[in-house]
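>>> Based on what follows, work out the 3D shape:
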Amino acid sequence: MAKKTRLIAAVVAIFLVGTISGFIITAQLRISNLNGDDNRVPYVEGASEEAESPFAKVAELVTPAVVNISTEKVIKFQESPFFEQGDPFEELFRKYFNIPIPSIPREYKSTSLGSGFIFNSDGDIYYILTNNHVIANASKIIVKLYDGTKVSGNDVKIIGSDKNTDVAVISIKVKKDLPLLKLGDSDKIKVGDWAIAVGNPFGLEGTVTVGVISAKGRSGIPLPDGPVYENFIQTDAAINPGNSGGPLLNIKGEAIGINTAITSPSGAYAGVGFAIPINTAKFVVDQILKKGKVIRGYVGIYPQELTPELAKTYNLDKPKGVLVAQIAKGSPAEKAGIKEGDVIIKFDGKEAADVEAFRLMVAQTPPGKIVNVELVTERGERKTVKLKVEEYPEDTAQSEKPKEDSESESDSISEATWIGMTVIDIDTAQRLRLYSGDETSGVVVRDITPGSIADFAGIMRGDLIQKIGDLEVKTIKDFNAAVKKYKDIKGPLRFKILRNGIPIYIAITIR
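Model (predicted):
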C-alpha cells in the first residue's frame, strides 16, 4: 500500500514539474518576442511571391502611349565682326564716335526635349497632347514612339496651340496600331490621392515616378512661358526637365493632368511639380479640334481677390468670392448692371472661390450663353443678375500721353492728412507728377508716414483714392467729409484706389 502511495506521489510530482517548466518556457518565449529576439519571419495572410505593385500595372498600361518629342529651333541674330556679343566697348564706341557699326546676320540651331501622350485617333492619324512651350517656334519636330519608331517631316503637324494655358495638340501619321491614353476628370481628384508621372526627364525615355496630389488650384507661379490661366495641380511625383507635356495619372491609369513645370532652386526635382488639370486641356482640345482656335468667354470684369478684411466690410463670414475692381465700358457686365465694388459669389451656378477660378469659369463659358450671376453689393445687399457672355476680344494696344501741366507754380495747394497719409487734389498732383493717368477726379497720396496705419495697410505714394466706404471721393472736400464720417468707425473700412491705372480695393482698420 505504501509502495503504491509513493508511486502516485511520484507521478503527481513529475506532472507538476512538467507543468511549471512549461509555464516558465512559455514566459521566456514571450519575453523574447517582446525584446525583439525572435527572428522568425511572420506569416502574412494573402501574401505570395506573385504579389504586384498597383503602379506596375499602370506603368505597363500607359507607358506605350507616352512619346518623346524633340524639337529644333533656328535662332537668328545680328553679330558685329569687330566686337563679341555683349562687349561693353561696343556701346562706348557707338556713343562717343557716333559711327554705325556693321553687323552680319547669324543663326544657330537650338534643340530641346519634351514629352507628350496619344489621346485620340482617326484612322492612321493619332493626336498627341503636350505643352505649348515644348513645340513653340519649332522649325522641326521629331516624335519618338515607345517602340523606337521616329516620326518627322510631313507626318508631324501642329493642329493647334494655346499659349494662355500652355496646351498644344499635334498629330502624327503612322501605319500601325498605337495605344490611346484615357482622359480622366481632374475635378474629382483629392489632395493625398496617388499621382503617377510618366515622361522623358533628361531624355531618359519611359521614366515613371510616383507621389501624391500635394495641392490643387495653385496660381501665381512665376514661369518664363506663362501661362496666363493658372490653376495647377501640385504634386511631389518627381518631375524634371523633359517631363513637360507628359501625363500625370491617377491610380486607374487615367490622365488627370499635363506635367508642365517645377519650382526648384537648382532647376531639378525638389518635390514641387505642377501639372495643367486635364479638364482645362479638354476645353482647349475641343476648341482646337472643332474650331481651329480657342474661343473664350468675356464679361469685361477686372477681378480682385477678396481678403478676409474686405470680406468683413461686406458682412461676409468667409472671403469666398471675387471683388469687381473695374468694369469695361460697354461690356456684358456693365449691360447686366454689375457695379464696381460688387462681390461676385456665384457665376452660372458655380462658386467663384477666387480670381483664378472665376477667370477660368468665364473663359470656358460659350459666347452667347446667358448666365446667372449672384453678387453682394457694397451696401451688403444680395442679388442675382442675368448676363450674356460675349466672345473674348482681340488684345489691342493702347498708348497714353501724359497731360501737360495746366497750373503754374503759384497755384495754391489743397491738402489733407489722415491715418498717416497726406493727400492732395488731382490737379495739383498732375503738376507734381505724382499721378499722370486720365482720371479727372480723386485725391492723390503725396506722403506716407512710416509705421502709420496707412503705411501698414499698404497705401503707397502716388495712389489715387476714389472712394472711402460708400462715399465717392472727387476732391479734398469729399475726403474730409469721409474722414468726419468714418473717423470713429469700428472694424475695417474699404478704400478704392487706382495704382498705376489699376483699380485696387484695400480694407483698413482705422483704430
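>>> What ranges does the stretch 351-500 of the chain have for its strands?
370-376, 382-388, 390-391, 415-418, 421-425, 443-448, 464-468, 471-472, 492-499 (DSSP state E, counting those that start in this stretch).
>>> for these, which one sits closest to Arg359?
Nearest to Arg359, of all the strands of the stretch 351-500 of the chain, is strand 370-376, at 14.3 Å by C-beta to C-beta. To be clear about C-beta, it is placed using only N, CA and C from the backbone, and glycine gets the same treatment.
>>> And the closest one, what's buried?
Neighbour counts over strand 370-376 (16 or more other C-beta atoms under 10 Å) mark 371, 373-376 as buried.
>>> go on, stretch 157-168?
Buried residues in stretch 157-168, counted by 16+ other C-beta under 10 Å: 160-162, 164-168.
>>> Put together a markdown table for those residues, with distance to Ile419 and secondary structure on each row.
Formatted as a markdown table, the buried residues of stretch 157-168 follow (distance: C-beta to C-beta, whole Å; DSSP: H, G, I helix; E, B strand; the rest coil):
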| residue | distance to Ile419 | secondary structure |
| --- | --- | --- |
| Gly160 | 53 | strand |
| Ser161 | 50 | strand |
| Asp162 | 46 | strand |
| Asn164 | 40 | coil |
| Thr165 | 42 | coil |
| Asp166 | 43 | coil |
| Val167 | 47 | strand |
| Ala168 | 51 | strand |
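>>> Can you spell out the domain ranges of this structure, please?
Per the record, the chain has its domains at 62-173, 186-291, 297-391, 415-509, by automatic domain parsing.
>>> what about the first one, how long is it end to end?
For domain 62-173, the first and last residues are 20 Å from each other (C-alpha to C-alpha, to the nearest Å).
>>> Tabulate the domains of the chain (CSV), appending distance to Ser53 and mean pLDDT.
Below are the domains of the chain laid out as CSV (distance: least, C-beta to C-beta, whole Å; pLDDT from 0 to 100):
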stretch, distance to Ser53, mean pLDDT
domain 62-173, 14, 82
domain 186-291, 9, 88
domain 297-391, 35, 92
domain 415-509, 51, 85
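>>> And those: which comes nearest Pro54?
domain 186-291 (6.2 Å).
>>> Mind giving me the packing neighbours of the one helix or strand Ile256 maps to?
For Ile256, the host element (DSSP states H and E) is strand 255-262. Helices and strands touching strand 255-262, as assessed by 3 or more C-beta pairs under 8 Å, 6 or more residues apart in numbering; DSSP states H and E, comprise strand 104-122, strand 125-130, strand 194-199, strand 232-235, strand 247-249, strand 273-277, helix 278-291.
>>> Strand 125-130 and that strand, what's the angle between them?
Relative orientation of strand 255-262 versus strand 125-130 (axes from the mean of the first three to the mean of the last three C-alpha atoms, to 10 degrees): 50 degrees.
>>> Distance check, Val483 against Gly442.
15 Å (C-beta to C-beta, to the nearest Å).
>>> How about Glu390?
From Glu390 to Gly442 the distance is 30 Å (C-beta to C-beta).
>>> More neighbours: these two, which one.
Neighbours per residue (other C-beta atoms under 10 Å) separate Glu390 from Gly442, with Gly442 holding more: 25 against 16.
>>> Now Gly300. Nearest residue, chain neighbours left out?
Nearest-residue entry for Gly300: Ser331, 2.2 Å, with adjacent residues in sequence omitted and distances by C-beta to C-beta, 6 or more residues apart in numbering.
>>> Sort out which one of the buried residues of stretch 157-168 lies nearest Gly300 for me.
Lowest distance from Gly300 to these (C-beta to C-beta) belongs to Asn164, with 17.5 Å.
>>> Tell me if I'm right that the closest one and Gln287 touch.
No - taking contacts as C-beta atoms under 8 Å, Asn164 lies outside contact range of Gln287: 11.4 Å.
>>> intersection of neighbour lists for those two?
When C-beta atoms under 8 Å, 6 or more residues apart in numbering defines a contact, the residues bordering Asn164 and Gln287 alike are Val294.
>>> sorry, back to before: how about a markdown table for the buried residues of stretch 157-168, with distance to Asn243 added?
A markdown table is the format used below for the buried residues of stretch 157-168 (distance: C-beta to C-beta, whole Å):
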| residue | distance to Asn243 |
| --- | --- |
| Gly160 | 22 |
| Ser161 | 19 |
| Asp162 | 20 |
| Asn164 | 21 |
| Thr165 | 18 |
| Asp166 | 14 |
| Val167 | 16 |
| Ala168 | 15 |
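>>> What is the nearest of those to Asn137?
Taking C-beta to C-beta as the measure, Asn137 lies nearest Ser161 of the buried residues of stretch 157-168, at 10.5 Å.
>>> Can you give me every residue that contacts the closest one?
Shown in contact with Ser161 (C-beta under 8 Å, 6+ apart): 132, 135-136, 167-169, 288.
>>> run the last query once more with 7 Å
By C-beta atoms under 7 Å, 6 or more residues apart in numbering, Ser161 lies in contact with 132, 135-136, 168.
>>> and what of Gly341?
324, 378, 496.
>>> same thing but at 6 Å, please
Glu378 (C-beta atoms under 6 Å, 6 or more residues apart in numbering).
>>> heads up, I number from 26, so please use that
In the new count, where the first residue is 26, that last one comes out as Gly366.
>>> secondary structure element for it?
With DSSP H and E as criterion, Gly366 is part of no helix or strand.
>>> and if you look at the one 5 residues further on?
With the criterion set as DSSP H and E, the secondary-structure element containing Lys371 is strand 368-372.
>>> and that strand, what does it pack onto?
With contacts taken as 3 or more C-beta pairs under 6 Å, 6 or more residues apart in numbering; DSSP states H and E, strand 368-372 sits against strand 395-401.
>>> partner strands of the strand it packs on, parallel or antiparallel?
When pairing is defined by DSSP bridges, strand 395-401 lines up against strand 368-372 (antiparallel), strand 407-413 (antiparallel).
>>> just to revisit the earlier point, buried set for the strand holding Lys371?
Within strand 368-372, judged by 16+ other C-beta under 10 Å, the buried ones are 368-372.
>>> Using CSV, write out every CA atom in that strand.
Provided in CSV are the C-alpha atoms of strand 368-372 (Å, rounded to 0.1, in the frame of the first residue of the first chain):
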residue,chain,number,x,y,z
VAL,A,368,-18.6,91.0,-54.9
ILE,A,369,-19.4,88.0,-57.2
ILE,A,370,-20.3,84.9,-55.2
LYS,A,371,-21.5,82.6,-57.9
PHE,A,372,-21.2,82.5,-61.7
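>>> ok, residues contacting it?
Outside strand 368-372, the residues that touch it by C-beta under 6 Å, 6+ apart are 339, 346-348, 377, 386, 398-401.
>>> how about 8 Å then?
The contact list for strand 368-372, computed with C-beta under 8 Å, 6+ apart, reads 326, 328, 331, 339, 341, 345-349, 363, 376-377, 383, 386-387, 396-401, 407.
>>> Among these, name the buried ones.
In those, burial by neighbour count holds for 326, 328, 331, 339, 341, 346-349, 363, 377, 383, 386-387, 396, 398-401, counting by 16+ other C-beta under 10 Å.
>>> Could you say which one of the helices and strands packed on strand 280-287 comes nearest to Leu459?
With C-beta to C-beta, the closest approach to Leu459 among the helices and strands packed on strand 280-287 belongs to strand 257-260: 38.4 Å.
>>> OK, contacts around the residue lying closest to Arg407 once chain neighbours are set aside?
Leaving aside its chain neighbours, Arg407 sits nearest to Val401 (5.5 Å; criterion: C-beta to C-beta, 6+ apart). Shown in contact with Val401 (C-beta under 8 Å, 6+ apart): 339, 341, 346, 367-368, 370, 407.
>>> run the last query once more with 10 Å
For Val401, the contact set (C-beta atoms under 10 Å, 6 or more residues apart in numbering) comprises 331, 336, 339-341, 346, 348, 366-370, 407-408.
>>> before we move on, what about Val176?
92, 151, 153, 166-170, 196-199.
>>> at 8 Å what do you get?
167-170, 197-199.
>>> Could you measure from the residue nearest to Ile501 when sequence neighbours are not counted over to Gly231?
What sits nearest to Ile501 in space, not counting adjacent residues and going by C-beta to C-beta, 6+ apart, is Ser439, at 4.7 Å. Distance of Ser439 to Gly231, computed by C-beta to C-beta: 72 Å.
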